[in-house]
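Q: okay, sequence plus prediction incoming.
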Amino acid sequence: MNIRQLSSHEKPPMELLLVADPSPQIVVAYLKRGRCFIAERNDQWIGVYVLLPTRPQTIEIVNIAVAESYQGKGVGKYLLQHAITTAKTMGYTTIEIGTGNSSIGQLALYQKCGFRIVGVDKNFFLRHYDEEIIENGIQCTDMIRLSQDI
Ligand code: COA
């Protein structure tokens, strides 16, 4: 598997990006402001993440996703490690990520990769999404914010 930044003339993998965020408007806005990285295997795009500068010294991983048939095989963990190394190389000192209160697997994965919970953006998903989101039998209402010094 190879991870590389998408070049400006390549079309972003929208289908994959929408697995992480159901809102095309939000995905397009992130793509405009961030850098998109893709994981390729046998000429197939199997994973993606976007790095979005948010504040001086701080960058956020948004829209991380792995193609369904490749999930649970370590690709997500590899993408996160790649994102952390890339951010460090770019000179950032803090990397952040956010996920829903109902995203139990993601919360486990991010903490396994060194992120610590630093806050809760209450009602984030109620404010920004029209459709009700239910995961693991829990309504997704709040954004759990995680951060790591790098
Ligand atoms: N409890 C404890 N650990 C859990 C868990 C749970 N309920 N669910 C997952 N994990 C752990 C696994 O055990 C594994 O850790 P390990 O390597 O120590 O065993 C890790 O989380 C999963 O790692 P990996 O196989 O690398 O994840 P992945 O390739 O499936 O990628 C996602 C993770 C989230 C990117 C992927 O599942 C995905 O694309 N999901 C849909 C899009 C999405 O939700 N994006 C994130 C938006 S915030």
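A: Yep, that arrived.
Q: and the chain, which of its residues are near the ligand?
A: 19-20, 64-66, 71-77, 99, 103-106, 108-109, 112 (Cβ under 6 Å from any ligand atom). For every residue, glycine as well, the C-beta is placed using N, CA and C.
Q: return the residue of the chain that is most distant from the centre.
A: For the chain, the largest distance from the centre (Cα atoms, centre = their mean) belongs to Asn42, which lies 23.0 Å off.
Q: just to revisit the earlier point, filter the residues of the chain next to the ligand down to just the buried residues.
A: With burial judged by 16 or more other Cβ atoms under 10 Å, the buried subset of these is Val19, Ala20, Ile64, Ala65, Val66, Val75, Gly76, Thr99, Ser103, Gln106, Leu109.
Q: quick check: end-to-end length of stretch 32-44?
A: 23 Å (Cα to Cα, to the nearest Å).
Q: who is Gln139 paired with across the strands?
A: In this structure, Gln139 bridges to Ile134 when assessed by DSSP bridges.
Q: neighbours around it, how many?
A: 14 (other Cβ atoms under 10 Å).
Q: let me see the contact set for it.
A: Ser102, Glu132, Ile133 (Cβ atoms under 8 Å, 6 or more residues apart in numbering).
Q: in what helix or strand does the second one lie?
A: When secondary structure is defined by DSSP states H and E, Glu132 falls outside every helix and strand.
Q: give me the residue from the chain nearest the ligand.
A: Gly76 (2.0 Å; Cβ to the nearest ligand atom).
Q: list the contacts for that residue?
A: Going by Cβ under 8 Å, 6+ apart, Gly76 touches Gly47, Ile64, Val66, Leu109.
Q: quick one: the strands in this protein?
A: With DSSP state E, the ranges of strands along the chain come out as 2-5, 35-41, 44-55, 58-66, 94-100, 116-121, 134-135, 138-139, 143-149.
Q: check those strands for me and report the most buried one.
A: Here the criterion is mean neighbour count by mean count of other Cβ atoms under 10 Å, and of the strands of the chain the winner is strand 58-66, at a mean of 23.
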